[in-house]
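> Quick check, what structure comes out for this input:
(chains A and B)
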There are 2 protein chains.
Amino acid sequence: MKQLNLSEWLLTQLNLGKFPARMPNHRRVYEAIRRAITEQVLPSGARLPSTRSLSEDLNVSRNTILAAFEQLLDEGYVAAQTGSGTYVNYNQPEDFGKANHQPINKSAGKTILENAANNVLSQRGLAAIHKLGDYQFGHEVQPFTPTEDDYSRFPLALWRRLLNRQWRAINPTLLDSSHDGGYLPLRKAIADYLRVSRAVNLTVDQVLITSGTQQSIDLCARLLADHNDIAWVENPCYWAARRVLEINGLKLHAVPVDAEGMAPSTKDFRIKPKLIYTSPSHQYPKGMVMSYGRRRLLLDYAQNSNAWIIEDDYDSEFRFEGRPISSLQGMDTHGRVLYLGTFSKVMYPGIRLGYVVVPPQLVDDFKSGLYELQRPGQVVIQAAMADFIEEGHFVSHIRRLKQTYSERRRLLQAALAPVAEAGARLSPVDSGLHLVVEFDANIDDVKIAELAAEQGLRVYPLSNYCLGEYREKGLIIGYAYAATEHITHYGNVLADVIQTALRK
Amino acid sequence: MKQLNLSEWLLTQLNLGKFPARMPNHRRVYEAIRRAITEQVLPSGARLPSTRSLSEDLNVSRNTILAAFEQLLDEGYVAAQTGSGTYVNYNQPEDFGKANHQPINKSAGKTILENAANNVLSQRGLAAIHKLGDYQFGHEVQPFTPTEDDYSRFPLALWRRLLNRQWRAINPTLLDSSHDGGYLPLRKAIADYLRVSRAVNLTVDQVLITSGTQQSIDLCARLLADHNDIAWVENPCYWAARRVLEINGLKLHAVPVDAEGMAPSTKDFRIKPKLIYTSPSHQYPKGMVMSYGRRRLLLDYAQNSNAWIIEDDYDSEFRFEGRPISSLQGMDTHGRVLYLGTFSKVMYPGIRLGYVVVPPQLVDDFKSGLYELQRPGQVVIQAAMADFIEEGHFVSHIRRLKQTYSERRRLLQAALAPVAEAGARLSPVDSGLHLVVEFDANIDDVKIAELAAEQGLRVYPLSNYCLGEYREKGLIIGYAYAATEHITHYGNVLADVIQTALRK
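Purely as a prediction, here's the structure:
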């Protein structure tokens, strides 16, 4: 390429207005020449024009050209040979797979589309983003969307004050990563709360702060199980947990649930798990409490087969009648249970604070693993959370939420009562943030969820929570998010949808 | 067990003072009976005493006993048979592996110790918490600790004001999880910054907010590679990245680096990677900039072999001389580069904000994967970060930090200059937050790091960053954290340690 041609090409680039207004001239020249090299207008080995001639052609100062050249040299785009000028420095690799070699100046857009046509994700990546069942909405929240909470009730002004207090008296360690399992006063506050409210048997040291339940499960799966190890899950099961276990290469073995909770049989016992994931206080999604016998059975089995039990106590704060259910962890005398909790339901989802209570013999390893794999931080928020608990706001906020949610539950139960006439069964459990309406096995619950969606009501089909061939039919209906004054109206609409569908 | 004996046992429990002061009586009674069942003082099938007789024996009201029984019933510890009383409900499982059956009332402490004697972690868990080399300190920060930044310079009052502004005018969506790749104004601010400062070629949609570099690498490794796929890493390499790749089951292939950066040869090209992890702007830890030729080579090779390049631009803000180095991503015309950045070095480590710029064809899948696998949140902090950038504080804070760090670098270089007399080589790179002193191959750099530690100076041996048999020798010396007024003193001490050791 002749020098004049290069200058003309560079001038086009400089005049295209592609550069941000405040970009200095030397940077524009650098960028234009870099593109000439990148797009092979200037091939490897080509000699650059002299700085003097470029300065004249482009009508910029010679210092500007010099600055641009210097940066190109710095970055290795060009090499200087003493006395003979500056050359494009491009080494063609020798050992490329020639078969699928694409010329590098081929239209990027086309190649990208071609790639998109293949599966570009890994197998596990595809599984991770796979929606369970065909039935999905986006993230739009509607009155009955399960797993959505009404964080409009959250005491914002108070929370802001607690955060501010921490920021005002900031201790530099609050700005660092969290090296040692989390902010100690928060771990103490959690330990005290769990000991009294959940009969968890623990010392402060066993409490590790994570950025939520996903991260807690991830940590357990990675530190305690290897690729291709088996994890027992309940069937049906909380699907986000299932996803995290699967992406970690665990093979899921689905154990049925009955009225007493997870119900492993002789057949299941032969498939020795490394991990057992369970929600004994309030089975997700069906809601039953695991019986004492089953608890004992699981604990003994875990001890005898060297398995770990992950107890996900995700919404135990919201039990409306009777007294709180004790944790499985509190019955564990052999250190086989990892107890998980989260603040995202009581506080707000974006807070990203959860915890895992690990058996004493795992404390040190889990502290290291947590730091090495997740580099936790947000210690200021941990500190405000500690204050929130210690000053009693946590317990009183739960009390207020329980009043609200229990009223919403009552209204929804009343509105849905007529579905019994059409053969549906309303789950009798009295805790949590959702109801389950169960159908007979021949009913297409996905279809009914779609019909509800047409009415603007997003509910989830129970069959989507099931693994393998087994398909229970029903709907998961959240009520935490639905405004109390509208719940009867929406509940009636939903009841109509269900009744009409079942009578067809 | 006779009734009186049970009552006595329960009384002991109730009087042990094990219960929190505010725990109500019915809860204490419940807890004591639960323990009796758990610890098999009351075996399965045993009949509980009548509520009346327990009420008398324990000297509490009958309602208290009734409430405790009700909860035991709720939780399935006991079952009621009409007319014949209340029984412990404990089903012994039939199919336990009898061989390693432990009696459940065996001392918990002993079993836990026995477990600890085995390896309780998974193989990958052990690898994850494994310290590289034998040489380790805790997390105590000392003047020359690499990867520590001086966040005492962070404009706290300003940051508190920006956070407060967000909290005052809080929009409920800021409290939710982040469903769609992060807070849009922050993604815009990052896109503008990267376009101008790093020559990254992108639209806003390609920027996804993560909770840091660990999480960004994790996401890429999971979504783009499967267990047993190959990842190329530089040798030496950033060890936290290596750890995240390994825990995801990737097989690491170490590619040497030379003065032009990552230097794959014909031998390497035959070991086709799924991922290529590299730090082209400032190789970690050695600091060289990747040449244009190598960049071209890597991009072409990635395109031809369907590999993805993970470009970790971890500290590109801190380049003290010359102009900023352009990103590898900006040269990529085929959508093969994922560009990673972090705010933890410019802001503070605990902020846990990073980003990944993905090729256009991966945007939707990465948004789903990010949400499903990590449930990101902390949107209020994302919003404050957006303001921090948009209002110009980010750029001016970087400018101030660069002045501070470049002064510290200069002082440390001067203090360490004498080590050249003993045969060590001071790395000439002029960016980043650490210096490298290189030794000859026969020198024990771990030993020298230990000698420095005895002087209260925590530096890292270069050999610990190497993979496989290959061992470069030297020290990684951070200066970001060292106070300017003390750096010469500490630098002299370190220079002495090095010279003395090398002369032995």
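> From B:Tyr314, how far off is A:Val380?
23 Å (CB to CB, to the nearest Å). The way it works is simple: take the backbone N, C-alpha and C, and place the C-beta from them, glycine included.
> Over to A:Asn442?
For A:Asn442, the distance to B:Tyr314 - CB to CB - is 57 Å.
> okay, the two: which has more neighbours?
Higher neighbour count among A:Asn442 and B:Tyr314: B:Tyr314, with 24 against 6, using other CB atoms under 10 Å in any protein chain shown.
> so what's that one up against?
B:213, B:238, B:279, B:282, B:284, B:340-342, B:345 (CB atoms under 8 Å, 6 or more residues apart in numbering or on different chains).
> Likewise for A:Pro256?
A:235, A:262-263, A:265, A:470 are the contacts of A:Pro256 under CB under 8 Å, 6+ apart.
> What residues sit buried inside the lengthiest strand in chain A?
If you go by DSSP state E, chain A has its longest strand at strand A:251-258. For strand A:251-258, the buried set under the neighbour-count rule, 16 or more other CB atoms under 10 Å in any protein chain shown, comprises A:252-255, A:257.
> Tell me how many other residues surround the closest residue to A:Gly85 other than its chain neighbours.
Residue nearest to A:Gly85 in three dimensions, not counting chain neighbours: A:Arg47, with 5.3 Å by CB to CB, 6 or more residues apart in numbering or on different chains. A:Arg47: 14 surrounding residues under other CB under 10 Å.
> What of A:His179?
18.
> By neighbour count, which of the contacts of A:Pro256 wins?
That'd be A:Met262 among those, by other CB under 10 Å, with 26 neighbours.
> Tell me which residues touch that residue, please.
A:Met262 touches A:232, A:234, A:255-256, A:276, A:278, A:280, A:283, A:290, A:294, A:298, counting by CB under 8 Å, 6+ apart.
> Endpoint to endpoint, stretch A:356-364 covers what distance?
Terminal residues of stretch A:356-364 are spaced 13 Å apart (CA to CA, to the nearest Å).
> Now do it, average pLDDT.
Mean pLDDT, stretch A:356-364: 95.
> so how far is that stretch off the chain centroid?
Relative to its parent chain, stretch A:356-364 has a centroid offset of 23 Å by CA atoms, centre = their mean, to the nearest Å.
> That stretch and chain B in contact?
Yes - using CB under 8 Å from any CB of the partner chain, stretch A:356-364 reaches chain B at A:359-362.
> For the residues you listed, give me JSON lines that also has secondary structure.
Shown next, in JSON lines, are the residues of stretch A:356-364 next to chain B (DSSP: H, G, I helix; E, B strand; the rest coil):
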{"residue": "A:Pro359", "secondary structure": "coil"}
{"residue": "A:Pro360", "secondary structure": "helix"}
{"residue": "A:Gln361", "secondary structure": "helix"}
{"residue": "A:Leu362", "secondary structure": "helix"}
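> Looking at those residues, spot the one nearest chain B.
A:Gln361 (4.2 Å; CB to the nearest CB).
> Could you report the neighbour count for that closest one?
A:Gln361 has 17 nearby residues by other CB under 10 Å.
> There's contact between it and B:Val120 in this structure, I believe.
Yes - between A:Gln361 and B:Val120 a contact is recorded at 6.5 Å, counting by CB atoms under 8 Å.
> Determine the longest helix present in chain A.
For chain A, the helix with the greatest residue count under DSSP state H is helix A:393-416.
> List the buried residues of that helix.
In helix A:393-416, counting by 16+ other CB under 10 Å, buried: A:394, A:397, A:401-402, A:405-406, A:408-409, A:411-413, A:415-416.
> Next SSE downstream of that helix?
Going down the chain from helix A:393-416, the next helix or strand is strand A:425-426, by DSSP states H and E.
> Just the angle for the next helix or strand after that next one relative to helix A:393-416, thanks.
Once strand A:425-426 ends, the next helix or strand along the chain (criterion: DSSP H and E) is strand A:434-438. Put simply, strand A:434-438 runs at 30 degrees to helix A:393-416, going by axes from the mean of the first three to the mean of the last three CA atoms, to 10 degrees.
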